[in-house]
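S.K.: sequence isn't available, so here's the structure alone:
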């Protein structure tokens, strides 16, 4: 998550907020503040499930970050997201918390990809062989 705050240059994002922004369910069930009490109460299985859903959300978040930074092409992201969701679907047969995660997942928002800026905000590219764009009502760079 440090990447999303530019390693401390801006306020940190919580996994919950960042997850919800891309269609993941975010935190559900217990939260980090509950873990100490759950441990004292001997509820280690619920802690394990909570941690596992955090790992799932972090993995999904990293797929999106890798796409945004160009480490994954759109095709690569879609293929990776599909494989990831297939894995979770198979895991959910034995893990109710994973089944709940998938039930709460906004599939279209998580897997949806804008293939160009023009589709996103109606920007027009001035030259196809440069990175120059015309910003709406703004300056040209």
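M.R.: Yes, it's here. Every value quoted in this text rests on a predicted model; they were computed, and no experiment measured them. Residues are numbered from 1 along each chain as shown.

S.K.: contact partners of the longest helix seen in the chain?
M.R.: For the chain, the helix with the greatest residue count under DSSP state H is helix 44-68. With contacts defined as Cβ atoms under 8 Å, 6 or more residues apart in numbering, helix 44-68 is touched by 1, 3-4, 15, 18-19, 22, 24-26, 28-31, 35, 38-39, 72-74, 76-77, 80-81, 84, 88, 95, 97-98, 101, 110, 113. No exception for glycine: its C-beta is placed from N, CA and C like everyone else's.

S.K.: how about low-confidence regions in this structure?
M.R.: 1-6, 114-141 (pLDDT under 70).

S.K.: in it, which residue is most central in space?
M.R.: Computing the C-alpha centroid of the chain and ranking residues by Cα atoms, centre = their mean puts residue 61 first, at 3.0 Å.

S.K.: rewinding a little: now the longest helix of the chain: buried residues?
M.R.: By 16 or more other Cβ atoms under 10 Å, the buried positions in helix 44-68 come out as 46, 49, 50, 53, 56, 57, 60, 61, 63, 64, 65, 67.

S.K.: what are the contacting residues of whichever helix or strand comes after that helix?
M.R.: On the C-terminal side of helix 44-68, the closest following helix or strand by DSSP states H and E is helix 74-92. The contact list for helix 74-92 (Cβ under 8 Å, 6+ apart) reads 56, 59-60, 63-64, 66-67, 72, 98-99, 101-102, 107, 110-111, 113, 115.

S.K.: ok, 6 Å please
M.R.: Residues outside helix 74-92 that contact it (Cβ atoms under 6 Å, 6 or more residues apart in numbering) are 63, 67, 98, 99, 102, 111, 113, 115.

S.K.: from the chain's centroid, how far away is it?
M.R.: Mean-position distance between helix 74-92 and its chain equals 13 Å (Cα atoms, centre = their mean, to the nearest Å).
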